[in-house]
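# coords please:
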Amino acid sequence: MAELDAITPWEALERAIAPFYPAEGSTGRPHKGLTRRLRMYVAQQCFSFSDEGTEEAIYDSQAIRHFIGVDLGRETAPDATTLLQFRHRLERHQLTEAIFNTIHAHLAEPGLFLREGTLVDATLIAAPPSTKNKEGKRDPDMHSSKKRNPWHFGMKAPIGVDAHSGLVHTLIGTAGHVSDIRQAEALLHGETLVVWHVAMRPGKRRALDQSPEAEQQEGREQTKASLRANVEHPFPVVKNLFHHRKVRYKGLAKHTSPLFSLFGLAHWRLARRWFLPAGGKVAF
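All right, here's what the predicted structure looks like:
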């Protein structure tokens with residue numbers, strides 16, 4: 001977690017959240033501080049902990065205690081209710097989007113966003129299809145979508161990625177059945193001069209004849225595939241490293257809120273080569 005701590009612009013994030021955070025002494029419970037709650041929330045997102053699991057991890061892991069800034073010899077750890085209330089505050093005031101935008105601005109300062117091209121893609125995030133709950137219904141904001149042959153029930157996270165750096169500059173949350181094409185315009189920035197379509201599938205490329213025209217087509221398809229590869233990089237960070245493969249709450253707004261935090265925090269992995277010394281290792 002040392003790399004995440006080094007790359008994250010903590011002071012800027014606190015300034016973005018502070019206007020919506022109660023002043024010290026304005027509540028009845030012992031005040032744990034904005035810095036500590038923010039770090040507790042970040043640890044929860046990165047490790048896919050529940051609220052209670054985050055509290056337990058503070059007691060169990062010295063690395064997480066050090067990251068959050070808790071000394072158990074002098075104080076108790078912030079409890080699960082503290083984190084729950086902080087997370088609800090972030091959702092209520094759309095502050096996870098502010099976290100995403102603040103990290104984006106921090107990365108834009110050294111010129112990592114050239115704004116010369118945008119790559120667009122979307123990933124499916126599963127939702128529980130079961131109706132075995134109190135209401136006897138599925139989440140009404142989630143819908144089924146077909147990816148190749150299987151059907152998936154859940155939501156989509158379309159993203160716009162800077163073609164140069166591979167960093168995410170725009171994020172949208174939609175139901176699973178919403179077409180990716182309908183979101184493309186909202187994910188672009190600036191004036192569009194050239195539009196590249198998706199690369200031809202390898203099976204179709206292998207079926208091309210050996211004519212000079214086919215060889216030229218093969219070269220164009222390889223170029224498209226290499227350009228498009230950058231848009232795939234944020235997804236495994238969010239889904240595999242942060243383990244966000246399924247939605248955790250109900251309602252599209254609650255599902256989309258943590259995505260802004262997750263894709264914002266994913267930049268520590270995507271941008272580490274620009275901010276960390278050569279040979280730096282992940283301390284996760």
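# correct me, but residue 113 touches residue 169?
Yes: counting by CB atoms under 8 Å, residue 169 is a contact partner of residue 113 at 5.9 Å. All C-beta spots, glycine's among them, are computed from the backbone N, C-alpha and C.
# Pull up the overlap in contacts between those two.
Residues touching both residue 113 and residue 169 (CB atoms under 8 Å, 6 or more residues apart in numbering) are 104, 162.
# more crowded one of those two?
More neighbours surround residue 169 than the other of residue 113 and residue 169, with 21 against 18 (other CB atoms under 10 Å).
# For that one, pull up the helix or strand it's in.
Here residue 169 is covered by strand 168-171, with elements defined by DSSP states H and E.
# Packing partners of whichever helix or strand comes after that strand?
Next in sequence after strand 168-171, counting helices and strands by DSSP H and E, comes strand 174-175. Packing contacts for strand 174-175, counted by 3 or more CB pairs under 8 Å, 6 or more residues apart in numbering; DSSP states H and E, involve strand 151-162.
# Show the average pLDDT along the strand holding residue 169.
With pLDDT averaged residue by residue, strand 168-171 scores 93.
# What of stretch 219-227?
For stretch 219-227, the per-residue pLDDT averages 74.
# Now it: buried residues?
residue 221 (16 or more other CB atoms under 10 Å).
# Relative to the whole chain's centre, how far out is that stretch?
27 Å (CA atoms, centre = their mean, to the nearest Å).
# Kindly report the same for stretch 44-64.
The answer for stretch 44-64 is 19 Å, by CA atoms, centre = their mean.
# Buried residues, it. List them.
For stretch 44-64, the neighbour count (16+ other CB under 10 Å) marks 44, 45, 46, 47, 48, 49, 51, 54, 55, 57, 58, 64 as buried.
# Next up, the contacts around the fourth one.
Right, residue 47. 54, 57, 242, 243.
# Run a quick neighbour tally on the last one.
If I follow you right, that is residue 243. 12.
# Can I get stretch 92-107 as CSV, trimmed to CA atoms?
C-alpha atoms of stretch 92-107 as CSV (Å, rounded to 0.1, in the frame of the first residue of the first chain):
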residue,chain,number,x,y,z
ARG,A,92,-25.4,11.6,-0.9
HIS,A,93,-23.2,14.5,-2.2
GLN,A,94,-21.7,12.7,-5.2
LEU,A,95,-18.3,13.0,-3.6
THR,A,96,-16.9,9.8,-5.2
GLU,A,97,-17.1,11.7,-8.5
ALA,A,98,-15.2,14.5,-6.9
ILE,A,99,-12.6,12.0,-5.8
PHE,A,100,-12.3,10.8,-9.4
ASN,A,101,-12.1,14.3,-10.8
THR,A,102,-9.5,15.4,-8.2
ILE,A,103,-7.2,12.4,-9.1
HIS,A,104,-7.8,13.2,-12.8
ALA,A,105,-6.7,16.8,-12.2
HIS,A,106,-3.6,15.6,-10.3
LEU,A,107,-2.6,13.4,-13.2
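# Residues contacting that stretch, please?
So stretch 92-107 is contacted by 8-9, 12-13, 16-17, 20, 89-90, 113, 165, 167, 169, 171, 257-261, 263-265, 267, 271 (CB under 8 Å, 6+ apart).
# Counting neighbours, what do you get for residue 80?
By other CB under 10 Å, the residues close to residue 80 number 18.
# what pLDDT does the residue located most distally from the centre of the chain get?
The C-alpha centroid of the chain is most remote from residue 211, which lies 44.0 Å away (CA atoms, centre = their mean). You'll see residue 211 listed with a pLDDT of 75.
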